[in-house]
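Visitor: Quick one, fold the following:
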Amino acid sequence: MSPPQAPTTLLVIAKEPVPGRVKTRLTPHYTPDEAALLAAAALRDTLRTVLGAPARRRVLVLDGRTGPWLPPGIEVVPQCAGGLDERLAAAFAHCDGPALLIGMDTPQVTTGLLAPALAPAAWEDCDAWFGPAEDGGFWALGLARPEPELLRGVPMSTAGTGAAQRRRLTDAGLRVRDLPVLRDVDTPADAVLAAAAAPDGHFAGVLAGLHRAPVR
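Guide: Numbering: from 1, shown residues only. Predicted coordinates for the structure are as follows:
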């Protein structure tokens with residue numbers, strides 16, 4: 001069965017799940033190898049959701065090399081150099097129409113959560129979609145007309161990143177709609193909650209196989 005089509009491009013920005021380079025805040029509760037296994041599982045779940053969502057194109061913007069976690073049907077383009085704001089901006093530069101970008105840190109994401117921003121009427125009276133994260137960042141950003149300058153210079157990886165990014169959109173005169181708040185997987189406690197929200201996913205399965213004392 002062919003993936004469902006829609007006018008919007010779905011982008012996933014991700015890092016190759018290499019031990020010591022991904023999910024470093026999961027250590028020392030988990031080893032670097034285990035953290036990389038969890039990152040790969042999160043990426044696999046995210047890409048499975050992307051394949052099930054209606055989209056014009058499905059593009060993985062990747063720092064590193066592909067692996068067995070990559071399913072067929074996903075285009076792969078390399079990330080540019082620079083800070084996260086530059087890399088996000090460059091991801092949107094790959095698009096010539098509406099685009100929705102998500103990360104690899106929310107394995108609990110579903111097609112239902114993405115649906116409002118991918119619906120046929122998603123861009124009527126709307127210029128941008130914004131998905132806030134519980135830690136103050138954001139897990140999704142959609143633009144009707146991808147403009148990289150809307151991201152460049154926004155301070156990333158802070159408790160105020162989400163507010164700053166959303167303010168950048170509204171200051172540019174864009175009409176913004178919000179997606180639900182989601183929790184990024186950064187800490188062991190985050191991992192437990194994300195797995196509980198998607199108990200049938202790869203992430204939950206891998207986490208269950210890593211026998212550890214409960215996170216308090």
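Visitor: Could you grab the helix/strand/coil label for the residue nearest to residue 141 when sequence neighbours are not counted?
Guide: Spatial nearest neighbour of residue 141, excluding adjacent residues (Cβ to Cβ, 6 or more residues apart in numbering): residue 101 at 5.2 Å. Any C-beta I mention is one placed from the backbone N, CA and C, and that applies to glycine too. Classification of residue 101 by DSSP: H, G, I helix; E, B strand; the rest coil places it in strand.
Visitor: Can you give me the distance of residue 101 to residue 201?
Guide: Distance of residue 101 to residue 201, given as Cβ to Cβ, to the nearest Å: 21 Å.
Visitor: likewise residue 73?
Guide: Look at residue 73 and residue 201: by Cβ to Cβ, they are 18 Å apart.
Visitor: which of the two has more neighbours?
Guide: Counted by other Cβ atoms under 10 Å, residue 73 and residue 201 do not tie: residue 201 has more neighbours, with 23 against 11.
Visitor: ok, now which ones touch that one?
Guide: The neighbours of residue 201, taking Cβ atoms under 8 Å, 6 or more residues apart in numbering as the test, are 41, 45, 107-108, 195.
Visitor: So residue 48 belongs to a helix, correct?
Guide: Yes. Assigned with three-state DSSP, residue 48 falls within a helix.
Visitor: What is the burial count for it?
Guide: For residue 48, using other Cβ under 10 Å, the count is 17.
Visitor: What are the neighbouring residues in contact with it?
Guide: Residue 48 makes contacts with 71, 202, as judged by Cβ under 8 Å, 6+ apart.
Visitor: how near is it to residue 58?
Guide: Taking Cβ to Cβ, one finds residue 48 at 11 Å from residue 58.
Visitor: and if you look at residue 92?
Guide: 15 Å.
Visitor: neighbour count winner among the two?
Guide: residue 92 (22 against 18).
Visitor: Just list the residues touching the more buried one, thanks.
Guide: For residue 92, the contacting residues are 11, 99, 101, 143, 146-148, 151, by Cβ under 8 Å, 6+ apart.
Visitor: Pick the one among these closest to residue 63.
Guide: Comparing the contacts of residue 92 against residue 63 with Cβ to Cβ places residue 11 closest, at 13.5 Å.
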